[in-house]
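**Student:** Quick one: sequence and predicted model below, then my questions.
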Amino acid sequence: MKWVLSLTAVLAVTVIGLAVWFFWPVLNPPAVATTTPTTTAAMIERGAYLARVGNCIGCHTAEDGPDYAGGRRVPTPFGTVFTSNLTPDAETGLGNWTAADFYRAMHHGQAKDGTFLLPAFPFTNYTRVTREDSDAIYVFLQSLAPVKRVTPEPEMAFPYNTLLARLGWQRLFFRPATFEPVPERTDAWNRGRYLVEGLGHCSACHTIRGPLGEEREDYEYAGGRIAGMEWDALPLNVSERMDEVDKAELKQLLHAGTSRDNVTSGPMAEVVFNSTQYLTDADLDAMIAYISSLPIKPEPEPRASTKVEGQRRADLIKQGSAVYQAHCETCHGSDGEGRAYAYPALAGNPLVTAPSANNAIRMVLYGGFAPSTGANPQPYGMPPFSHQLDDEDVAAVISYIRNAWGNRASAVAPIEISDY
Amino acid sequence: MTIPTSSPTPGYRIALAVLALAIGLGITTRTLAADEPASEAGMGERLQACSGCHGERGRSDPEHAYFPAIAGKPAGYLFEQLINFKKGRRHHDIMQSMFAVLSDQYLQDIAEYYAGQTPRHSAAVSHPAAETRGAETLVFQGAPDRDIPACAACHGKALTGALPTIPGLLGLRSEYLAAQLGAWREGTRRAAAPDCMHTIAQRLRSDEIDRVSKWLASQPYPTGAKPLPQLPDPLPIPCGASR
């Protein structure tokens, strides 16, 4: 009898303990200082700059909607969420939010009413943003013209649509954190880390995610398929391969969208268009100082694809060489050297030789422009070939460029192209 | 010193705890807060992404290509279409993703570049009369009993369009024309309100769309034909796109 009682007691204590742990953010809601920032022109300007660094506009603007009024669909593996209205409309936006409410969202991942935010909003990064910077962004957003635009409800299935799931996710994968500079490192490196890990939220795309959408630390910044998108992110931690020339290229890419040998495309072109082109020289240098110090991690395995080997591979590459001569060589050159600042080099191009051919396939099928930027207002564009080449020719030409001029990567089977 | 703090109200906290404790029940949550100026030759090189489908200098040949020729169309019209694609009012995944990262100024430059090109001359194509019966009447007189204005009333007597925003209707494939009228009718192609072409297309019968498209595609596109500098008469119905 006695052991039954003890067992019950132990179980009860464990259950209560777990419940207290689990519901801790509910039982003990975060306290946020209610200081009110002063609105000055300088503060608004600073906030506008920081909002650019964070690329708030990129997600919080619908394709046919006003800037910052939200409503953009964000597809995730768990359903579609819609970004919120950041304009100061009292009913549908942040009109009733205080600077403290805004910081609670950025730092603690909770809305004004205490709702746990979904991690599609990158509070796991923004948590490191200082209160001062958060206030500046708040002041800037409050200076916008209010727009009445209701944010649609998320379209998520059970159990992801439950409060419990949101709380559970935060308990498992999130703890509010502050930015702590590393004293041995330079100021620039520390600034770069603050921007890359905080507002810049680079890891949101450049780190693959686990089964519940959490960032995989073991693959931090190692690139791979972006959750909810059809694009792969390139790895950022390539420090061993980054010399001064590469750093200058990367800076040029972030600033102008196009560098001597490379262009940004897909989602990164949008990031340059909306965000990085506006960054100061010093901040770009800082980000690159940090990025070029990132430890090497293994690149995630690409999705399984049909292997092409032996004679079939040789034939495909040979066929690809003919396709290349007919359609690609005029711009990209007979040695894949491209033309500086216009047509990217394909020899040694990390997008071309990435473990997954996905980005290269997308570029050949759908084409695309580099982004218009202040430094390069009229960028060049690549034509789509989806209606000019059949699957066989597309696979052949991609297999060819992945293996010509010193490039070395897997060949692509024509059946892979039919998935696009 | 105590720093004044704010936190969610206790009432909300309790309600939240109760809700959250209902383990196993699906409770749908509320909203989540959850470098150089280009020369004309330069433009041609920059816009290879366009010429792949719309032809060199926008002069695609309707005999071979579905994609519309854009050379010589009014810059205002072209710019509006680029914006419509960017904003999802016209649907074409490739067009939309291309323009997502282009500034409005560049889209304007692109529109002006193509507006400045000379359209390709095309000869008349003959269609069996039965396939275009009644089309000419619709094109030049409309159907007043059903409030359908004549195409020519807005697109000009020569059907070559009018500045700044009304496109010409010649030199295009019938499939393309029919697809546009169909998309307007169904609302998958939209223009700024009031969307006059949506209104008109809804009044057209499917067989009329088919005949008018075929008739228009069969007309010659005279060399040197240009959009009118302006329409001689006011528009028969209000049109947001023409503002």
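**Tutor:** That came in fine, so what should we check first? Being a predicted model, the structure only gives us computed values, none of them experimental. Residues are numbered from 1 along each chain as shown, chains lettered A, B, ... in the order given.
**Student:** Only C-alpha atoms from now on, for both contacts and neighbour counts.
**Tutor:** Noted.
**Student:** Which residue does chain B have closest to chain A?
**Tutor:** B:A49 (3.5 Å; C-alpha to the nearest C-alpha).
**Student:** Roughly how far does that residue sit from A:L279?
**Tutor:** 28 Å (C-alpha to C-alpha, to the nearest Å).
**Student:** More neighbours: which of those two?
**Tutor:** Ranked by neighbour count (other C-alpha atoms under 10 Å in any protein chain shown), B:A49 and A:L279 place B:A49 first, with 22 against 17.
**Student:** what helix or strand is the more buried one on?
**Tutor:** helix B:48-54 (DSSP states H and E).
**Student:** how about stretch B:203-210: buried residues?
**Tutor:** Of the residues in stretch B:203-210, B:204, B:208-210 count as buried by neighbour count, 16 or more other C-alpha atoms under 10 Å in any protein chain shown.
**Student:** can you map out the strands along the chain?
**Tutor:** Let's take chain A. For chain A, strands defined by DSSP state E occupy the ranges A:32-33, A:73-76, A:79-82, A:155-156, A:224-225, A:232-233, A:368-369, A:381-382.
**Student:** wrong one, chain B
**Tutor:** B:5-6.
**Student:** sorry, back to before: out of the strands of chain A, deepest packed?
**Tutor:** strand A:368-369 (a mean of 28; mean count of other C-alpha atoms under 10 Å in any protein chain shown).
**Student:** Once you drop chain neighbours, what's closest to the residue of chain B closest to chain A?
**Tutor:** A:P383 (3.5 Å; C-alpha to C-alpha, 6 or more residues apart in numbering or on different chains).
**Student:** And the one you found, what's its pLDDT?
**Tutor:** pLDDT for A:P383: 96.
**Student:** pLDDT below threshold where in the chain?
**Tutor:** Unless you meant another one, I'm taking chain A. Within chain A, the set of residues satisfying pLDDT under 70 comprises A:1, A:239-240.
**Student:** my bad, chain B
**Tutor:** B:1-41, B:242-243.
**Student:** So the residue nearest in space to the middle of it versus B:T165, what's the distance?
**Tutor:** In chain B, the residue lying closest to the centroid (C-alpha atoms, centre = their mean) is B:Q81, at 4.3 Å. According to C-alpha to C-alpha, B:Q81 stands 10 Å off from B:T165.
**Student:** cool, and A:V271?
**Tutor:** From A:V271 to B:T165 the distance is 32 Å (C-alpha to C-alpha).
**Student:** One more: A:G381?
**Tutor:** On the measure of C-alpha to C-alpha, A:G381 and B:T165 end up 26 Å apart.
**Student:** now B:A69
**Tutor:** In this view, B:A69 and B:T165 are 16 Å apart by C-alpha to C-alpha.
**Student:** Between the two, tell me which one has more neighbours.
**Tutor:** B:A69 (26 against 22).
**Student:** Please look at that one and B:R57 and confirm they touch.
**Tutor:** No. B:A69 is not in contact with B:R57 according to C-alpha atoms under 8 Å; the separation is 9.1 Å.
**Student:** residues contacting B:Q219?
**Tutor:** B:123-125, B:170-171 (C-alpha atoms under 8 Å, 6 or more residues apart in numbering or on different chains).
**Student:** if you set the cut-off to 7 Å instead, what comes out?
**Tutor:** B:Q219 sits next to B:124-125, B:170 when contact means C-alpha atoms under 7 Å, 6 or more residues apart in numbering or on different chains.
**Student:** Among the residues you listed, which one is most surrounded by other residues?
**Tutor:** Busiest of these [other C-alpha under 10 Å] is B:L170, holding 26 neighbours.
**Student:** Number of residues surrounding the nearest residue in space to that one that is not next to it in sequence?
**Tutor:** With C-alpha to C-alpha, 6+ apart as the criterion, B:L170 has its nearest non-adjacent residue at 5.8 Å, and that residue is B:Y221. By other C-alpha under 10 Å, the residues close to B:Y221 number 23.
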